[in-house]
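Engineer: Sequence unavailable; structure follows:
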């Protein structure tokens, strides 16, 4: 029998279309799946770290159904993985690639150590459809604008997803494992966990059901319904894609089948998948997008960077007096997600009406979103602020009132998430007050606030600030 293969599990909490796991099974011999709780996990915000814990637990159960188990170890992966190789006698270590700079640095160090030990080591694709170094312009560089990027990859072949292994061979003796309780990944969620939990669609099975239901009944009208926040018109797969409970290739092939069946919205869905891809490619080529203005000519812009400002606090609490903004912020606090139209509106309001640095919003989303994704979060915020690649023009300032009239005419969205002023508030609007920190001292009986910055005033102030800059 071959020596054991260690499979390092990261953001790929699924059995099917898992190249590293499938290769380990094909290699022969026992397979030891391991998840390492390192500083890239402990450093996550409250909601994504809690959601990660749920996903790890669910994936561990799926492995048990295959006769295997998930070994949990805490510490620096540079130390933990080589130590586990010695402990198990593993002859190979496989994992699926990550593309953020911190993970790349860590993985490079681990790979070098393992090779020095004489251990076979291989990384696989899986979190993206097209490796960033394989997509180039005719001049040889990377794409900085989405539309030509889309045109260059839309007809590329994406390998068919691989079925889950029927079983995962186990070693005779399992190494010791931590427990999830040891890690307490949900500690920072406090009472919010009980509010958000009913909105979580956990694990690979739920992700596949989501995809199937979307393709069966919603994708045909997706091009129009995706912009209506009061409708359930999107796939909601961002939660599962962020942790790899479903692969982008699985979504891509389902979208292609729907397109071949003549479902009109399938093309738009495929474009959204490629937008996610575009964000990952930009993060790989220009990792500064995570921390700095991607367009360096924005470095001198006089952003407000003080998070203690009353306007920032009101924005975080969903108390700006702008109903579209407040409804979206409260949706995020109750469900852990936010409709994409809402994300554009709240980001525009923070960065343009309030002239606050996009990093403030990026950090708040990182703390509150269960579908947090490093590339998509950074890309979205810099796109809205105007400082990113292929960004919305700086002079385009969304009017959140007219946007509400356009996309929430009957106020279905607003009435679901805002309680103040309603005789019988929606249960989801009331849930917000059960989830928020007690220190906020907010109740459904409070008066709804006047706008902290009116739309016309905010737009005028933003344009005046932009006129002083040479963009």
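Structural biologist: Cool, the structure landed. Everything numeric in this text was worked out from a predicted model, so none of it was measured.

Engineer: need the helices for the stretch 101-250 of the chain, in chain order.
Structural biologist: Ranges of helices in the stretch 101-250 of the chain, per DSSP state H, counting those that start in this stretch, are 101-116, 146-153, 180-183, 192-196, 203-217, 222-225, 238-242, 248-260.

Engineer: Looking at those, spot the one closest to residue 163.
Structural biologist: helix 248-260 (11.0 Å; CB to CB). C-beta here means a position set from N, CA and C on the backbone, and glycine is covered the same way.

Engineer: Return the distance of the following helix or strand past that closest one from the chain's centre.
Structural biologist: Using DSSP states H and E, the helix or strand that directly follows helix 248-260 along the chain is helix 266-285. From the chain centre to the centre of helix 266-285 is a distance of 13 Å (CA atoms, centre = their mean, to the nearest Å).

Engineer: which helices and strands does helix 266-285 pack with?
Structural biologist: If you count contacts as 3 or more CB pairs under 8 Å, 6 or more residues apart in numbering; DSSP states H and E, helix 266-285 packs onto helix 146-153, helix 222-225, helix 248-260, helix 374-385.

Engineer: Any buried residues in the helix or strand following that helix, and which?
Structural biologist: Where DSSP H and E defines the elements, the next helix or strand beyond helix 266-285 is helix 310-317. By 16 or more other CB atoms under 10 Å, the buried positions in helix 310-317 come out as 311, 312, 314, 315, 316, 317.

Engineer: now helix 310-317, how far from the centre of its chain.
Structural biologist: 23 Å.

Engineer: Next, find the distance separating the closest residue to residue 274 other than its chain neighbours from residue 278.
Structural biologist: In space, and not counting its chain neighbours, residue 274 is closest to residue 150: 5.1 Å by CB to CB, 6 or more residues apart in numbering. The gap separating residue 150 from residue 278 is 8 Å, by CB to CB, to the nearest Å.

Engineer: Report pLDDT for the nearest residue to residue 82 once chain neighbours are set aside.
Structural biologist: Among residues not flanking residue 82 along the chain, residue 113 sits closest, at 5.1 Å (CB to CB, 6+ apart). We have a pLDDT of 98 for residue 113.

Engineer: tell me the mean pLDDT for stretch 11-25?
Structural biologist: Summarised as a single mean, pLDDT over stretch 11-25 is 98.

Engineer: start to end distance for it?
Structural biologist: With CA to CA, to the nearest Å as the measure, stretch 11-25 spans 19 Å from end to end.

Engineer: Which of the helices of the stretch 101-250 of the chain sits closest to residue 61?
Structural biologist: Closest to residue 61 of these is helix 203-217 (CB to CB; 8.2 Å).

Engineer: For that closest one, which residues meet the burial criterion?
Structural biologist: In helix 203-217, the ones that count as buried by 16+ other CB under 10 Å are 203, 204, 206, 207, 208, 210, 211, 214, 215.

Engineer: returning to what we had before: how about the helices of the stretch 101-250 of the chain, which one is nearest residue 354?
Structural biologist: Closest among those, using CB to CB: helix 192-196, at 24.7 Å.

Engineer: Save the helices of the stretch 101-250 of the chain as JSON lines, and put in distance to residue 95 too.
Structural biologist: Shown next, in JSON lines, are the helices of the stretch 101-250 of the chain (distance: least, CB to CB, whole Å):
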{"stretch": "helix 101-116", "distance to residue 95": "7"}
{"stretch": "helix 146-153", "distance to residue 95": "24"}
{"stretch": "helix 180-183", "distance to residue 95": "20"}
{"stretch": "helix 192-196", "distance to residue 95": "29"}
{"stretch": "helix 203-217", "distance to residue 95": "18"}
{"stretch": "helix 222-225", "distance to residue 95": "34"}
{"stretch": "helix 238-242", "distance to residue 95": "18"}
{"stretch": "helix 248-260", "distance to residue 95": "17"}
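
Engineer: if we compare these, which one ends up closest to residue 19?
Structural biologist: Each of these was scored for nearness to residue 19 using CB to CB, and the closest is helix 248-260 (9.9 Å).

Engineer: now the angle from the closest one to helix 266-285?
Structural biologist: 150 degrees (axes from the mean of the first three to the mean of the last three CA atoms, to 10 degrees).

Engineer: mind checking how far helix 248-260 is from the chain centre?
Structural biologist: Put simply, helix 248-260 sits 20 Å off its chain's centre (CA atoms, centre = their mean).

Engineer: Same check on stretch 183-193?
Structural biologist: Relative to its chain's centre, stretch 183-193 lies at 19 Å (CA atoms, centre = their mean).

Engineer: Excluding its own residues, what touches it? List them.
Structural biologist: 37, 41, 45-47, 49-50, 52-53, 72, 74, 196, 333, 434-437 (CB atoms under 8 Å, 6 or more residues apart in numbering).

Engineer: Keep only those of those that are in helices.
Structural biologist: Judged by DSSP state H, these include 41, 46, 47, 49, 50, 52, 53, 196, 333, 434, 435 as members of helices.

Engineer: what residues does the strand ranked longest in the chain touch?
Structural biologist: For the chain, the strand that runs over the most residues, judged by DSSP state E, is strand 31-37. Residues from elsewhere that reach strand 31-37 (CB under 8 Å, 6+ apart): 4-10, 21, 24-25, 56, 63, 68-75, 77, 80-81, 84, 88, 90, 168-171, 174-175, 178, 183, 185.

Engineer: could you flag which of those residues are buried?
Structural biologist: Buried members of the contacts of strand 31-37, counted by 16+ other CB under 10 Å: 4-10, 21, 24-25, 56, 63, 68-73, 77, 80-81, 84, 88, 90, 168-171, 175, 183, 185.

Engineer: Cross those against strands and list the overlap.
Structural biologist: Using DSSP E, the subset of the buried ones among the contacts of strand 31-37 located in strands is 5, 6, 7, 8, 9, 71, 72, 73.

Engineer: so which of those residues would you say is closest to residue 157?
Structural biologist: When those are ranked by distance to residue 157 (CB to CB), residue 7 comes first, at 26.2 Å.

Engineer: so what's that closest one bridging to?
Structural biologist: Beta-bridge pairing of residue 7 under DSSP bridges involves residue 33, residue 94.

Engineer: check contacts around it.
Structural biologist: Contacts of residue 7 (CB under 8 Å, 6+ apart): 20, 21, 24, 31, 32, 33, 34, 93, 94, 95.

Engineer: Domain-wise, how is this structure divided?
Structural biologist: 1-125, 128-158+204-285, 296-467 (automatic domain parsing).

Engineer: Need those in JSON lines (columns: distance to residue 192).
Structural biologist: Below are these laid out as JSON lines (distance: least, CB to CB, whole Å):
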{"stretch": "domain 1-125", "distance to residue 192": "8"}
{"stretch": "domain 128-158+204-285", "distance to residue 192": "16"}
{"stretch": "domain 296-467", "distance to residue 192": "4"}
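
Engineer: quick one: which of those has the weakest pLDDT on average?
Structural biologist: domain 296-467 (a mean of 94).

Engineer: How far does that domain stretch from one end to the other?
Structural biologist: End residues of domain 296-467 are separated by 17 Å (CA to CA).

Engineer: what about residue 345, distance to residue 421?
Structural biologist: Taking CB to CB, one finds residue 345 at 20 Å from residue 421.

Engineer: next one: residue 292
Structural biologist: Distance from residue 292 to residue 421, counting by CB to CB: 41 Å.

Engineer: More neighbours: these two, which one.
Structural biologist: More crowded of residue 292 and residue 421, by other CB atoms under 10 Å: residue 292, with 16 against 12.
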